[in-house]
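Student: got a predicted structure here, sequence first:
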Amino acid sequence: MAKDLTNSVVDRQNILNNPYALQEIEKATRLKGIPFEGKTVVVKEQVASFFEVTGRTIDNYIEKFGDELRQNGYAVLRGNRLKNFKKAVSEQDVNEIGFVNIKTPQLGVFDFRAFLDLAMLITESERARLLRQMMLDIVIDTINQRTGGGTKYINQRDEDFLVSAFQEENYRKEFTDALKNFVDMGNFKYPIYTDKIYVSIFREKAKEYRKILRLHDKDRVRDTFYSEILDLVSAYEYGFAKVLEDAFTRKGKKLTSWEVDKLFLAFETQAHWKPLIEKARSKMASRDLAFRDALHAQLKGYIVPLDAAEFERFLGEKSKELQERLEDAKDVMKRLKDR
């Protein structure tokens with residue numbers, strides 16, 4: 001999916017919050033600046049020169065996007081910080097043309113993240129456009145490299161996935177058994193009420209979800225769910241199984257489709273689901289956009305930038321391939337199985 005970084009604060013922030021991609025982008029750009037307070041920074045004149053625009057153009061972007069730029073490392077130096085910066089400049093072999101405003105009582109500086117943020121905002125610069133394209137390519141390459149070539153099952157790198165998946169299988173059995181024993185419908189009841197759960201949680205039927213994630217016929221939808229989604233699906237399955245059992249016991253015979261639909265509507269509209277659903281939708285929509293380049297159009301309003309901890313969770317050293325986790329979790333799964 002084509003990304004226009006100039007128009008999407010979420011896409012910009014997902015790049016800036018991804019420490020693994022940033023490391024590779026920094027290597028590729030080889031930006032020269034002044035070491036200051038543990039970072040490399042550049043001033044407005046250097047930025048304007050790099051992007052081949054005027055200083056006034058940079059000022060306009062700072063005025064319009066100041067909050068975002070400051071959040072990502074832009075700072076105005078005054079007092080002692082400015083004195084320390086001037087000292088750092090004096091100790092470097094720096095072209096003075098780039099520091100024409102060094103004698104002013106305050107000075108704006110961009111660290112690397114702020115510089116990249118500005119590059120993703122500027123529309124007047126061909127260099128900025130080329131840098132944006134390089135950044136997007138590096139982000140894709142970095143994610144693919146750290147996930148072994150694909151992101152379809154990036155959810156399985158989460159250390160919580162395996163237990164959630166194993167537990168969900170048990171609750172799924174409770175659900176399908178309840179449909180089998182208590183509902184007077186043909187076998188199409190299984191996909192119908194599975195889809196009702198999916199639509200209730202993330203507003204998509206299984207077929208629609210498959211299309212968005214570009215899954216093949218042999219791919220199991222639940223193998224791609226994040227642990228939070230699996231946990232919520234499990235809660236729905238187990239909870240509604242008990243609702244069906246109670247209704248069957250009261251009636252003394254199997255339930256009709258109309259009765260089951262009415263029960264499900266009452267079940268899904270219980271107030272306690274709301275915070276769990278809100279969180280699950282945000283996790284799914286935000287992660288899939290960042291990691292899988294997949295947009296859940298029905299959940300656009302729930303998309304937020306991922307923080308660095310999310311990238312660490314799915315791309316970092318603690319994340320593992322499923323086979324490794326299977327070896328590590330044999331004892332845990334045995335205990336769950338024997339419960």
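Tutor: Noted; the coordinates are in hand.

Student: can you pull the contacts of residue 280?
Tutor: 201, 202, 228, 229, 232 (C-beta atoms under 8 Å, 6 or more residues apart in numbering). All C-beta spots, glycine's among them, are computed from the backbone N, C-alpha and C.

Student: same thing but 6 Å
Tutor: 201, 228, 229, 232 (C-beta atoms under 6 Å, 6 or more residues apart in numbering).

Student: quickly find the element holding it.
Tutor: Assessed by DSSP states H and E, residue 280 sits inside helix 273-291.

Student: then residue 107?
Tutor: strand 106-111.

Student: just name the closest of the contacts of residue 280 to residue 269, please.
Tutor: Nearest to residue 269 among the contacts of residue 280, counting by C-beta to C-beta, is residue 201 at 13.0 Å.

Student: any idea how far that closest one is from residue 261?
Tutor: 17 Å (C-beta to C-beta, to the nearest Å).

Student: who's more crowded, these two?
Tutor: Between residue 201 and residue 261, residue 201 has the larger neighbour count (other C-beta atoms under 10 Å), namely 21 against 14.

Student: any idea how far residue 298 is from that one?
Tutor: Counting by C-beta to C-beta - residue 201 and residue 298 are separated by 11 Å.

Student: same check on residue 316?
Tutor: Taken as C-beta to C-beta, the span from residue 316 to residue 298 is 30 Å.

Student: so where's the stretch 201-339 of the chain uncertain?
Tutor: Residue ranges of the stretch 201-339 of the chain with pLDDT under 70: 320-339.

Student: show me where it has its helices.
Tutor: 206-213, 227-251, 257-268, 273-291, 308-315, 322-328, 330-337 (DSSP state H, counting those that start in this stretch).

Student: what helices or strands is the longest one leaning on?
Tutor: Contacting helix 227-251 under the criterion 3 or more C-beta pairs under 6 Å, 6 or more residues apart in numbering; DSSP states H and E are the following elements: helix 161-182, helix 257-268, helix 273-291.

Student: can you rerun that using 8 Å?
Tutor: When contacts are defined as 3 or more C-beta pairs under 8 Å, 6 or more residues apart in numbering; DSSP states H and E, helix 227-251 sits against helix 161-182, helix 189-202, helix 257-268, helix 273-291.

Student: what about it, distance to the chain center?
Tutor: 29 Å (C-alpha atoms, centre = their mean, to the nearest Å).

Student: again, but for the third one
Tutor: Once both centres are worked out by C-alpha atoms, centre = their mean, helix 257-268 turns out to sit 33 Å from its chain's centre.

Student: just the buried residues of that helix, please?
Tutor: 259, 260, 263, 264, 267, 268 (16 or more other C-beta atoms under 10 Å).

Student: give me the low-pLDDT residue ranges for the stretch 51-200 of the chain?
Tutor: When residues are selected by pLDDT under 70, those of the stretch 51-200 of the chain lie in 93-103.

Student: show me where it has helices.
Tutor: Under DSSP H, counting those that start in this stretch, the stretch 51-200 of the chain gives helices at 55-71, 79-90, 112-119, 126-146, 161-182, 189-202.

Student: report all helices and strands that the third one contacts.
Tutor: Applying 3+ C-beta pairs under 8 Å, 6+ apart, one finds that helix 112-119 makes contact with helix 9-16, helix 19-29, strand 39-43, helix 44-51, helix 55-71, helix 126-146.
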